[in-house]
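Participant: only the shape, not the letters, is given here:
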């Protein structure tokens, strides 16, 4: 089977993951496709079911021994608004030297290229193992990566994650903290403020504290490797109240912070609490904070894989602001680089595409990388 037929099947298999249960799908059908193709090449295929029976990770291994190379990617996609696409997002379309479809860029398109490169080693005796890793829920909960971290698998010397980087090696990325702030006041008739506790007014104060913290973080932390050299905070969505003539009884804010490598997330969450929680006593309301985070990532100055990827691509390593599964694989003891054929400008967008001109250079790069790390 060749690259385009494989990609066609992957795109046709809905594997959206979302924090919204109404949109969330499983990835098991994608895992089974990849497992079948890799098994046909002689890989030992191990499927790791997750707590949600619709979802799983795949660890496929060719060869044995210490060290080796992991080629990793996630099999889920973000949700899509089909009305904003000019064609069916689940049907691969080749047009104007582009391959359109949900996941072509981020990042189902990476797997057929990995399989094509691996095919060239299927009859050779590898000195170090080649491992293809496919995960679940990177776009939502990181449950796949967390399951790997808990299991302590896989083990290898190197790991390349094929996220969309335009074939530039990425040795550093920001973390992400997704925060939910819920304020519970007491509703009442708006004609008399004393009849209730206005949660929206407390939220107004809380937002002021957050914006003040944002400015302090921007002044204190800098890293010139990033195009946005400071940690960012975005107040993303807010919901509260249900009628103009009722005191707002409940208000909820969703916001995110993208910390730089080296910033401690526990400390940062403590700072948020120290700013906001005192408003409970002042206003007589209940306040809760819910956290979800992905750590920042840095390969390290002594990364051998960074040097290999720089020499093979003729690109100097860079830093990006989006988060990946890299910190979890690094936590398993691997030397990790993020590098893939797509472009982040096309990721999470209607009419997502992968340029066809990226296909053969990526396969050639992967063949050379496997040769360096496994032969």
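Facilitator: Arrived safely, thanks for sending. Treat the numbers as computed from the prediction; the structure is a model and nothing was measured.
Participant: which SS state does the most centrally placed residue in the chain fall under?
Facilitator: Nearest to the mean C-alpha position of the chain, by C-alpha atoms, centre = their mean, lies residue 324 at 4.1 Å. When classified by DSSP: H, G, I helix; E, B strand; the rest coil, residue 324 comes out as coil.
Participant: any stretches of this structure with poor pLDDT?
Facilitator: Along the chain, segments meeting pLDDT under 70 span 1.
Participant: that one: helices as residue ranges?
Facilitator: Under the criterion DSSP state H, helices of the chain are mapped to 3-12, 28-40, 110-119, 143-151, 199-220, 265-276, 279-283, 304-313, 326-331, 359-374.
Participant: now the ones you listed in JSON lines, with mean neighbour count?
Facilitator: C-beta here means a position set from N, CA and C on the backbone, and glycine is covered the same way. Listed next are these as JSON lines, based on neighbours: other C-beta atoms under 10 Å:
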{"stretch": "helix 3-12", "mean neighbour count": "19"}
{"stretch": "helix 28-40", "mean neighbour count": "19"}
{"stretch": "helix 110-119", "mean neighbour count": "24"}
{"stretch": "helix 143-151", "mean neighbour count": "19"}
{"stretch": "helix 199-220", "mean neighbour count": "16"}
{"stretch": "helix 265-276", "mean neighbour count": "15"}
{"stretch": "helix 279-283", "mean neighbour count": "14"}
{"stretch": "helix 304-313", "mean neighbour count": "18"}
{"stretch": "helix 326-331", "mean neighbour count": "22"}
{"stretch": "helix 359-374", "mean neighbour count": "19"}
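Participant: tell me which of those helices lies nearest to residue 250.
Facilitator: helix 199-220 (5.4 Å; C-beta to C-beta).
Participant: can you list contacts of the closest one?
Facilitator: For helix 199-220, contacts defined as C-beta atoms under 8 Å, 6 or more residues apart in numbering pick out 181, 183-185, 230-233, 235, 238, 240-241, 248-251, 253, 255, 257, 271-272, 275-276, 279, 283, 285, 287.
Participant: so who does residue 343 touch?
Facilitator: So residue 343 contacts 105, 164, 166, 355 (C-beta under 8 Å, 6+ apart).
Participant: on that earlier part again, quick one: which of the helices of the chain is nearest residue 176?
Facilitator: Between residue 176 and these, the shortest separation by C-beta to C-beta is 9.7 Å, and it involves helix 265-276.
Participant: show me what the closest one is packed against.
Facilitator: Applying 3 or more C-beta pairs under 8 Å, 6 or more residues apart in numbering; DSSP states H and E, we find helix 265-276 packed against strand 176-184, helix 199-220, strand 286-294.
Participant: do you know how far the nearest residue in space to residue 59 that is not next to it in sequence is from residue 31?
Facilitator: Excluding the flanking residues, the one nearest residue 59 by C-beta to C-beta, 6 or more residues apart in numbering is residue 46, at 4.6 Å. Residue 46 sits 11 Å away from residue 31, going by C-beta to C-beta, to the nearest Å.
Participant: shared neighbours of these two, which are they?
Facilitator: Taking C-beta under 8 Å, 6+ apart as the criterion, residue 46 and residue 31 both touch residue 58.
Participant: once you drop chain neighbours, what's closest to residue 107?
Facilitator: Per C-beta to C-beta, 6+ apart, closest to residue 107 is residue 73, 5.0 Å.
Participant: quick one: that neighbour from residue 30, how far?
Facilitator: From residue 73 across to residue 30, the span is 11 Å (C-beta to C-beta).
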